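K.L.:
Task: produce atomic coordinates for the following.
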Amino acid sequence: MIGVIAKADQVATVEEFFQLFKTPWEFVNEGRAYDVVVATVDDIPEVDARLLVLYGAEAKNCDATLGVAQRSRHRGVPLNYRGASLPIYGAVLTFSEGGAVVPCVTASGKSGEVAGFRAHAAGVTVMRLGYDLFGEVDHLLSAGQPPENAHVPTLDSHIMMLREWILDAGIPVVEIPPAPAGSRLVVCLTHDIDFAGIRNHRFDHTMWGFLYRSTIGAVRNLVRGRLSWRQLLHSWRAAMSVPFVWLGWAKDFWEPFEWYLRLEKSLPATYFLIPFKGRPGDHVSGRHATRRVAAYDVTDLPHWTATLMKEGHELGVHGIDAWHSVERGREELRRIASVTGESRVGIRMHWLLRGENTFHVLENAGYAYDSSVGYNETIGYRCGTTQPFRPPGARDLLELPMHIQDGALFYPNRLDLSEAEAWRRCERLIEHARSVGGVITLLWHDRSHAAERFWGGFYSRLLQALKSTQVWFATGAQATAWFRKRRDVRFDLTELPDGHRRARLRYEGDEIAPPLTIRVHRPSGEAGGTVSIGDTTPIFCDVTWNGRTPIEVEELHRLPVRQTTTGLPRQ
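P.N.:
Coordinates of the predicted model:
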């Protein structure tokens, strides 16, 4: 059991952190004993705990007892933990070395100043970290990370570090991993439908841009090694066929649905559709805001919307003004809901627009989830995690982070990667998700398979790689619904007559399908050896649970350890 002592304004952040690190915890009650106490306050009260984890860039009242002194204070300095870099967005306190302490975290670029250490005081193991964990979590879930740190799963790393410190102290950990039983991760295939066909574009910016990119631009890409001769000829043929597409004499090579339905056969996907054509939206900054105008909307696609729903795909809102207006958000939701018949609809904003109050606006407009938190210019972890989360200030809305976008990978004015380098980048993100769970959300746009982009082959290869591992493919609605059920699981505490407490997992909703995994991590010493400080390969047991029958946590701890069970790969 983890007890938490946090600052008054951190209550909501603590609650969200322990929805992501789903393990037994409570705010500290005076007089109760805990396995672990995590604290960010400056005045640490006396607590009964085996492990005390203290976070903060301010002096603690127990620092002198630990025999350490402050060295310097920095802001925004990345840390180094076991060879990995960890961005820190708030203040960082470093400490003078000395005494009976073991440094475990250092400040990068500051001559290796100690920013975290392990010590022992009065029979208690103490971890002292010079940054505020919950302040960092709040920043990640609200402001997010700049593009230069997009490759770092910072929030997932904070969870991993706390888990490792608990296990290093010889304390077992029970948690519910963020992936269904039998799967190592969840994959959401999503498509933003911006154009729906070149037939809708006559003598506008979209048409002229395509003609340039498919002719002169295609030659340039051939020279750069981005196109083959075969693709160049295909691109030129597409450019010459545009008038025949308008006349209905040639197939519309931008029409996306047939191609995606064939490639994703039996794999559910989410299509975000424009609710109203001809609307550029309000409050859009930049020189080219009028280019947001779509030449189609959902009412122009009756055949395809019916086909997509029949095949098990989800239709969501590709929002125009929902990011800043509750009234417009409701209007856009109603437009899509009139086609789907569903009252609970997800949204991704066109151009990923977001303001200070967007989460609040979307929740009040009635959306079930949003999937706009990602990058236009790169790929990675905008909020530092693979997990869907509840944004600060929201009551019900969940955010499904977007991780990999085709345009970010291949556009010349973005990453502009070769396919080989793009593959390496995507592999790193997928491997991280395999190790920690959560969701990988892919965005492939409507025309990306066709001339002049030719990004369909890369997407097909990506799908094949994902299908070869233990993956649950889900729509955005299915994934967020599963994570809602995981969030609804409670660790209830019962006070026994002898003063001890018993924890029980309880769930009061419908059966959880696919079921959860209950994972019991054991310190390495429980496998027959001794606990080795720094041994980060825990042993664990997994139990499949559908939520129908409560589980006593004490019974989980009695499960036999199997030597064949391996730990999660370390980042």
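K.L.:
mind listing the strands in the stretch 1-150 of the chain by residue range?
P.N.:
Ranges of strands within the stretch 1-150 of the chain are 2-5, 25-27, 33-39, 48-55, 70-75, 79-81, 84-86, 91-95, 102-107, 114-121, 124-129, based on DSSP state E, counting those that start in this stretch.
K.L.:
Using JSON lines, lay out those strands together with distance to Pro177, mean neighbour count and mean pLDDT.
P.N.:
C-beta here means a position set from N, CA and C on the backbone, and glycine is covered the same way. Formatted as JSON lines, the strands of the stretch 1-150 of the chain follow (distance: least, Cβ to Cβ, whole Å; neighbours: other Cβ atoms under 10 Å; pLDDT from 0 to 100):
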{"stretch": "strand 2-5", "distance to Pro177": "17", "mean neighbour count": "21", "mean pLDDT": "96"}
{"stretch": "strand 25-27", "distance to Pro177": "16", "mean neighbour count": "15", "mean pLDDT": "95"}
{"stretch": "strand 33-39", "distance to Pro177": "19", "mean neighbour count": "21", "mean pLDDT": "95"}
{"stretch": "strand 48-55", "distance to Pro177": "21", "mean neighbour count": "21", "mean pLDDT": "95"}
{"stretch": "strand 70-75", "distance to Pro177": "34", "mean neighbour count": "14", "mean pLDDT": "89"}
{"stretch": "strand 79-81", "distance to Pro177": "21", "mean neighbour count": "20", "mean pLDDT": "94"}
{"stretch": "strand 84-86", "distance to Pro177": "21", "mean neighbour count": "17", "mean pLDDT": "94"}
{"stretch": "strand 91-95", "distance to Pro177": "30", "mean neighbour count": "23", "mean pLDDT": "94"}
{"stretch": "strand 102-107", "distance to Pro177": "25", "mean neighbour count": "19", "mean pLDDT": "91"}
{"stretch": "strand 114-121", "distance to Pro177": "25", "mean neighbour count": "21", "mean pLDDT": "90"}
{"stretch": "strand 124-129", "distance to Pro177": "23", "mean neighbour count": "22", "mean pLDDT": "94"}
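K.L.:
I'd like these as CSV, with distance to Glu331 appended.
P.N.:
Formatted as CSV, the strands of the stretch 1-150 of the chain follow (distance: least, Cβ to Cβ, whole Å):
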stretch, distance to Glu331
strand 2-5, 42
strand 25-27, 41
strand 33-39, 44
strand 48-55, 44
strand 70-75, 43
strand 79-81, 46
strand 84-86, 43
strand 91-95, 44
strand 102-107, 50
strand 114-121, 50
strand 124-129, 47
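K.L.:
what about the ones you listed, which gets the closest to Arg330?
P.N.:
Closest of the strands of the stretch 1-150 of the chain to Arg330 is strand 25-27, at 36.8 Å (criterion: Cβ to Cβ).
K.L.:
Show me what the closest one is packed against.
P.N.:
With contacts taken as 3 or more Cβ pairs under 8 Å, 6 or more residues apart in numbering; DSSP states H and E, strand 25-27 sits against strand 2-5, helix 11-20.
K.L.:
Parallel or antiparallel, list what pairs with that strand.
P.N.:
strand 2-5 (parallel) (DSSP bridges).
K.L.:
Excluding sequence neighbours, find me the nearest residue to Arg237.
P.N.:
Of all residues not flanking Arg237 in the chain, Ala451 sits nearest, at 7.8 Å (Cβ to Cβ, 6 or more residues apart in numbering).
K.L.:
how far away is that neighbour from Arg501?
P.N.:
65 Å (Cβ to Cβ, to the nearest Å).
K.L.:
what does the helix or strand bottoming out on mean pLDDT in the chain contact?
P.N.:
For the chain, using mean pLDDT, DSSP states H and E, the weakest element among its helices and strands is helix 553-557, scoring a mean of 79. Outside helix 553-557, the residues that touch it by Cβ atoms under 8 Å, 6 or more residues apart in numbering are 24, 172, 174, 491, 502-505, 518, 520, 541, 543.
K.L.:
what about 6 Å?
P.N.:
Helix 553-557 has contacts (Cβ atoms under 6 Å, 6 or more residues apart in numbering) with 174, 503, 520.
K.L.:
Report the lowest-confidence entry in those residues.
P.N.:
Lowest pLDDT among those: Ala503, with 82.
K.L.:
ranges for the helices of the stretch 451-571 of the chain?
P.N.:
Remark: helices assigned in the stretch 451-571 of the chain by DSSP state H, counting those that start in this stretch are 456-467, 476-488, 553-557.
K.L.:
quick one: contacts of the second one?
P.N.:
In this case it means helix 476-488. With contact meaning Cβ under 6 Å, 6+ apart, helix 476-488 is reached by 19, 186, 188, 270, 314, 346, 369, 371, 388, 398, 400, 439, 509, 512.
K.L.:
Which ones among those residues lie within helices?
P.N.:
Gln19 (DSSP state H).
K.L.:
what number of residues lie near the closest residue in space to Val14 that isn't next to it in sequence?
P.N.:
Counting by Cβ to Cβ, 6+ apart, Val14 lies nearest to Ala6, which is 4.9 Å off, once chain neighbours are set aside. Number of residues near Ala6 (other Cβ atoms under 10 Å) recorded here: 21.
K.L.:
Next up, the contacts around Pro103.
P.N.:
114, 117.
K.L.:
got any ranges where this structure has weak pLDDT?
P.N.:
In the predicted model of the chain, residues 99, 496, 498-500, 525-538, 560-571 satisfy pLDDT under 70.
K.L.:
hmm, back to that, how about the helices of the stretch 451-571 of the chain, which one is nearest Val68?
P.N.:
Taking the helices of the stretch 451-571 of the chain one by one with Cβ to Cβ, helix 553-557 is closest: 34.3 Å.
K.L.:
sec struct for the residue nearest the centre of the chain, please.
P.N.:
Taking Cα atoms, centre = their mean, the centroid of the chain lies closest to Thr386, which sits 2.7 Å from it. Secondary structure assignment for Thr386 (DSSP: H, G, I helix; E, B strand; the rest coil): coil.
K.L.:
re earlier: so the residue nearest to Val14 versus Asp297, what's the distance?
P.N.:
From Ala6 to Asp297 the distance is 47 Å (Cβ to Cβ).
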